[in-house]
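Enquirer: structure for this input, please:
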Amino acid sequence: MLFHAISVLAFALLFSNASELVPFEVSLVLTALHFLLIYLFFVRRVKMAWLLPPVLFTFTMFIFIWLGGLLIWSGTLFFPRFSHRLFDDENLNNAFFITSISISTLWFSYLLFSKKIFHKTRPLETPSEGRKLLKQRANFLVFFCVSLYLYGVSSGFVGYAKDEDSVGSFSNFISLFQRGAFLVLLLYYAHNFVRLNKQVDRYLVILIGSLALLGVLAGSKYQIALPFIYIILIHYYMTGIIFSKKLVIGGLIFLSSFIIIGPVREMLRESKANISYNSALSNETQLSSVSSAAMDMLYRVTYIPPLVLAVNYHGHLPPAVSNLWEYVITSPVNAFIPRFINPNKPEVTFGRWFSLNVYGSTEDNNIGATFQGILYLAGGVWSVIFGFLLIGCVQAIFVRYLFIPKYVPIYLILLPKLVLLPQEPWMLFVGLLQSFITIYLIYILITSKR
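Expert: Below you'll find the predicted structure:
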């Protein structure tokens, strides 16, 4: 904790006083050492799966910010819509320093609130020691979740071609219940881990294939990769092995999703415009090459431009920013009150506002400023520090109550929400509460005591 407290102070001083003075090469080395020390801390505790929330957040920031900044600085990535001055040393330093502040604040808070929770490494117990999976109920749940999601995609409630006017409580209901199918996947894999680790059976292939296919039909790269992400997570929990064949396969599948997603999204756009699939197929349906897909992936996972724009922005702020802390405080209540009862419930509009007014794109796009970016817009460095202190506390509380063998599948289902933070902070707390209650009830429904 002392290391992270010192890191927050040091990077805050650099951000406030030295961003324009420090060469970016120095920042690259400083922040790389910061990431390396955190990694070494984790590796020494490799079997401590309760550290996954801050570890995975740190990993995503390494990819989204550090690697993205390196690629922009080296000229590998180029954004013609922006002036070259946007990526000068000062702005890149600002992005790196504010991200390092976020990471160390999160770690400090998480370790502080976890101090009395975990005094030593917990044994890697199998979740099958908890409740037994009721396969008939599980099969019915998977069929219901898949059918519901297919209906949502075809009707414009969810997916890439969703109708923004149709998005609401029912869309949220579909997304929440889709997690039930992933819960079945985690439970089945965990309960049969020894057997499936040697030979994959037909049921697992059908289950993974069905969930990945939903991602394809929805035009979502994340949804395509999600079943494999969950397999990697449960495998790590069971073995404590970070680098494995499953991790490599998951990375290749994620890359493959960039190859196929272009023509799929074209079909979805055309179908939304009432053009037949045959017509859509006759237009842009050529698959991307591996090299172009890899380059597209690098552009997609680089969040330097929106973060730099957020730090530099001075102007009118939308309610999502000016009322940010009010929305956070009321989020536990808003999680359970539907919009038709409370029409004044906050709407998720920040991404479209940021896209139009800051990023210079259109209102049709949904471009976030990163979590640290919107916190900075709401109140500068102190807002970022307070926000990530809160996130670390929330992560520790969830882990405190869910990191026990029988609830590990629920913990892993919620883990992406604890790591891939949303565009608007209040949505994190709403999403966590709604997801936890839904997943817990489904868990009780499809399992029984041994």
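Enquirer: can you pull out the strands in the protein?
Expert: With DSSP state E as the definition, the chain shows strands at residue ranges 131-133, 447-449.
Enquirer: tally of neighbours for Pro338?
Expert: Applying other C-beta atoms under 10 Å, we find 11 residues neighbouring Pro338. Any C-beta I mention is one placed from the backbone N, CA and C, and that applies to glycine too.
Enquirer: please read the previous query as pertaining to Phe143.
Expert: Neighbours around Phe143, by other C-beta under 10 Å: 12.
Enquirer: kindly report the same for Gln178.
Expert: Close neighbours of Gln178, defined as other C-beta under 10 Å, add up to 21.
Enquirer: cool, Val146 as well?
Expert: 17.
Enquirer: i'd like the first residue to be 38 from this point on
Expert: Right, with 38 as the first residue, what we last looked at is Val183.
Enquirer: residue contacts, it?
Expert: By C-beta atoms under 8 Å, 6 or more residues apart in numbering, the contact list for Val183 reads Ala218, Ser247, Leu248, Leu251.
Enquirer: now render these as CSV, adding pLDDT and neighbour count.
Expert: CSV is the format used below for the contacts of Val183 (pLDDT from 0 to 100; neighbours: other C-beta atoms under 10 Å):
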residue, pLDDT, neighbour count
Ala218, 90, 23
Ser247, 88, 17
Leu248, 89, 24
Leu251, 84, 24
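Enquirer: restricted to helices, list the residues you listed.
Expert: Applying DSSP state H to the contacts of Val183, the entries found in helices are Ala218, Ser247, Leu248, Leu251.
Enquirer: wait, which of those is closest to Ile43?
Expert: Of all these, Ile43 sits closest to Leu248, with 43.4 Å by C-beta to C-beta.
Enquirer: what's the separation between the closest one and Tyr225?
Expert: 12 Å (C-beta to C-beta, to the nearest Å).
Enquirer: now the longest helix anywhere in the chain, how far from the centre of its chain.
Expert: Determined from DSSP H, the single longest helix within the chain is helix 408-439. Distance, stretch centre to chain centre, for helix 408-439: 15 Å (C-alpha atoms, centre = their mean, to the nearest Å).
Enquirer: which secondary structure elements does that helix sit against?
Expert: In this structure, helix 408-439 packs against helix 39-54, helix 89-98, helix 126-151, helix 341-349, helix 356-359, helix 361-371, helix 445-456, helix 462-483, with contacts taken as 3 or more C-beta pairs under 8 Å, 6 or more residues apart in numbering; DSSP states H and E.
Enquirer: and the angle for it with helix 445-456?
Expert: If you take axes from the mean of the first three to the mean of the last three C-alpha atoms, to 10 degrees, helix 408-439 sits at 160 degrees to helix 445-456.
Enquirer: tell me the buried residues in helix 408-439?
Expert: Buried residues in helix 408-439, counted by 16 or more other C-beta atoms under 10 Å: 408-415, 418, 420-422, 424-433, 435-436, 439.
Enquirer: do the same with stretch 373-383
Expert: Buried residues in stretch 373-383 (16+ other C-beta under 10 Å): Pro383.
Enquirer: what does stretch 70-81 give?
Expert: In stretch 70-81, counting by 16+ other C-beta under 10 Å, buried: His71, Phe72, Ile75, Phe79.
Enquirer: same question for stretch 340-360.
Expert: If you call a residue buried by 16+ other C-beta under 10 Å, then stretch 340-360 has these buried ones: 340-348, 350, 354, 357-358.
Enquirer: now that stretch - C-alpha only, PDB.
Expert: The C-alpha trace of stretch 340-360 is given here as PDB (Å, rounded to 0.1, in the frame of the first residue of the first chain):
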ATOM      1  CA  TYR A 340      -7.900   5.000 -25.800                       C
ATOM      2  CA  ILE A 341      -5.300   7.800 -25.800                       C
ATOM      3  CA  PRO A 342      -7.200  10.200 -28.100                       C
ATOM      4  CA  PRO A 343     -10.400  10.400 -26.000                       C
ATOM      5  CA  LEU A 344      -8.500  10.600 -22.800                       C
ATOM      6  CA  VAL A 345      -6.200  13.400 -24.100                       C
ATOM      7  CA  LEU A 346      -9.300  15.300 -25.400                       C
ATOM      8  CA  ALA A 347     -11.100  14.900 -22.000                       C
ATOM      9  CA  VAL A 348      -8.100  16.300 -20.100                       C
ATOM     10  CA  ASN A 349      -7.800  19.300 -22.500                       C
ATOM     11  CA  TYR A 350     -11.500  20.000 -22.700                       C
ATOM     12  CA  HIS A 351     -12.800  23.400 -21.400                       C
ATOM     13  CA  GLY A 352     -16.400  24.200 -22.100                       C
ATOM     14  CA  HIS A 353     -20.000  23.300 -21.300                       C
ATOM     15  CA  LEU A 354     -20.500  20.000 -19.500                       C
ATOM     16  CA  PRO A 355     -23.600  17.700 -19.800                       C
ATOM     17  CA  PRO A 356     -25.600  16.500 -16.800                       C
ATOM     18  CA  ALA A 357     -23.700  13.200 -16.900                       C
ATOM     19  CA  VAL A 358     -20.600  15.200 -15.800                       C
ATOM     20  CA  SER A 359     -22.000  18.200 -13.900                       C
ATOM     21  CA  ASN A 360     -24.300  15.900 -11.800                       C
END
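Enquirer: closest to Leu478 among the ones in helices among the contacts of Val183?
Expert: Nearest to Leu478 among the ones in helices among the contacts of Val183: Ala218, at 14.7 Å, using C-beta to C-beta.
Enquirer: the residue nearest to the closest one when sequence neighbours are not counted: neighbour count?
Expert: Excluding its sequence neighbours, the residue lying closest to Ala218 (C-beta to C-beta, 6 or more residues apart in numbering) is Cys182, at 4.0 Å. Neighbours of Cys182 under the rule other C-beta under 10 Å: 24.
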